[in-house]
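Asker: here are the coordinates; sequence isn't available:
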């Protein structure tokens, strides 16, 4: 075994794992390892805030299937990753966080930048590992990659900053020597039961999730949908999990999703859920439609046994890789069930429901707005069409306008939609777009960002310029935290506290940072700005002046209630005075 330092050993693990870049902010704690990166062929992507690096690598992982890697200074540098790592954990994105900690000799002395990050990250990672000795540095890092891929999520590697130094004898191992790619069909006996359920279905519906995207089984899923004559809905914020130009596509479920998908799903007697955990938030009633049928029999395919029947009882659970299981299930279906001969009725059903839904959202978009402002849905119509027409990658934040985009984002290919998902943090879309652009440098990438989230993102415009990442940021300036403002309208009698946001010009700030800036308030000007930004292939900030009174429904109406006040000084705020 060759002699090397722990820094060299860990760097060689990254090389063998095919890591071509690591993101973060320069820090003294890991400089010995960082010094090796250029010679190892590893780029260091320097951002303005560590949270950005985490969101970038989350998106990079979702689009490439490879684990993103981040690093930071011990203490505050690593704690800045908390939100991004929690997001990646709920998104099931493989990631490795190399986390220097205080020197081993000073632990417990409350020294400079000391923090117990090892324990801090335990609840938001698949594993929080600690290097117990410098000679174990490479072994623990290999373990991190093994867990990140096997359990699909982030893993933290805590290493005291003095453990980068020293000597050890270490084998340089190829990943095939210490981990295997997950896959397989699980228990073969369960497939016979799944076929029986599907064979007797009168109104089957397929729900396609991220597992379909990650495993690459879209063609099999399309063939199976056509064979069964089953409409297909996509899971919440995985709008790229079925092609929008397919006649069985009904759109996404979940908040601000497609009513067409929900109305069709409501009548299903059998649901085939492929590559999805059927998350609680993603299947809640929407638009006052309790669309997820309680009586339908569910056949659920998911690679993680913890997700089978987690939120909805199943008739059959197939704990397996989405692609392997879909191929096996389809092969057995073809032997046991004849293909549906006439798809015309189901095609017409889907077409009619979609047309009704499109008319409904078009009417909403025609509501009157403030002078000089656009209806946010009018803006999303243009941006959504631009994304579909140019096969662009779209990244979305959380918030009023970004969430409404769920009604407008339609994709013909997989790995086009990167959303904050159910962690729901603001300040995700632009940072994720930078990572998406790193992953797919030839593709067009568009971030959909509200002005609240943009305040948590705009400082990364220089990063986009520095690394020539031509992300187009569409910033919807409605002057408020509008999702929360809607709650204050519905539950707090229009008492707006902390809801307003002010800025002179986001476009000019973008220009000052080196990007191209545009300010628009009409569909025509927005379409022209998007096309110009596409042709220029430079970082761009398109500030869209939208109306702040056209508010989407609350995210969780069930989680709020009209206020009750008992103290005399607050009695005028009681629900009894609502709208008086």
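Answerer: Looks like it arrived, so ask away. Every value quoted in this text rests on a predicted model; they were computed, and no experiment measured them.

Asker: quick one: low-confidence parts of this structure?
Answerer: 580 (pLDDT under 70).

Asker: for it, what's the longest helix?
Answerer: helix 344-365 (DSSP state H).

Asker: Which positions in that one come out as buried?
Answerer: Buried residues in helix 344-365, counting neighbours by 16 or more other Cβ atoms under 10 Å, are found at 346, 349-350, 353-354, 357, 361, 365. C-beta coordinates here come from the backbone N, C-alpha and C atoms, glycine included.

Asker: ok, which stretches of the stretch 101-250 of the chain are helices?
Answerer: Per DSSP state H, counting those that start in this stretch, the stretch 101-250 of the chain carries helices over the ranges 117-120, 137-151, 189-199, 210-215, 218-228.

Asker: Turn the ones you listed into TSV, including distance to residue 334 and mean neighbour count.
Answerer: Formatted as TSV, the helices of the stretch 101-250 of the chain follow (distance: least, Cβ to Cβ, whole Å; neighbours: other Cβ atoms under 10 Å):
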stretch	distance to residue 334	mean neighbour count
helix 117-120	51	18
helix 137-151	32	22
helix 189-199	10	17
helix 210-215	19	26
helix 218-228	7	20
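
Asker: okay if I get the ones you listed as JSON lines plus distance to residue 401?
Answerer: Listed next are the helices of the stretch 101-250 of the chain as JSON lines, based on distance: least, Cβ to Cβ, whole Å:
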{"stretch": "helix 117-120", "distance to residue 401": "33"}
{"stretch": "helix 137-151", "distance to residue 401": "33"}
{"stretch": "helix 189-199", "distance to residue 401": "39"}
{"stretch": "helix 210-215", "distance to residue 401": "23"}
{"stretch": "helix 218-228", "distance to residue 401": "29"}
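
Asker: between those helices, which gets nearest to residue 530?
Answerer: Closest of the helices of the stretch 101-250 of the chain to residue 530 is helix 210-215, at 25.2 Å (criterion: Cβ to Cβ).

Asker: Tell me the helices and strands packed up against that closest one.
Answerer: helix 322-336 (3 or more Cβ pairs under 8 Å, 6 or more residues apart in numbering; DSSP states H and E).

Asker: Columns distance to residue 105 on top of the buried residues of helix 344-365, output as JSON lines?
Answerer: Output for those, formatted as JSON lines (distance: Cβ to Cβ, whole Å):
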{"residue": "346", "distance to residue 105": "69"}
{"residue": "349", "distance to residue 105": "70"}
{"residue": "350", "distance to residue 105": "66"}
{"residue": "353", "distance to residue 105": "67"}
{"residue": "354", "distance to residue 105": "65"}
{"residue": "357", "distance to residue 105": "64"}
{"residue": "361", "distance to residue 105": "62"}
{"residue": "365", "distance to residue 105": "64"}
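
Asker: quick one: which of these is nearest residue 292?
Answerer: The closest of the buried residues of helix 344-365, once distances to residue 292 are taken by Cβ to Cβ, is residue 353, at 16.5 Å.

Asker: tell me the contacts of residue 186?
Answerer: 318-320, 325 (Cβ atoms under 8 Å, 6 or more residues apart in numbering).

Asker: Now intersect the residues you listed with the helices, please.
Answerer: Those of those lying in helices (DSSP H): residue 325.

Asker: among the contacts of residue 186, which two are most distant?
Answerer: Once Cβ to Cβ is applied, those give 319 and 325 as the farthest pair, at 8.7 Å.

Asker: These two: which is more packed in?
Answerer: Taking neighbours as other Cβ atoms under 10 Å, residue 319 and residue 325 compare with residue 325 leading, 29 against 19.
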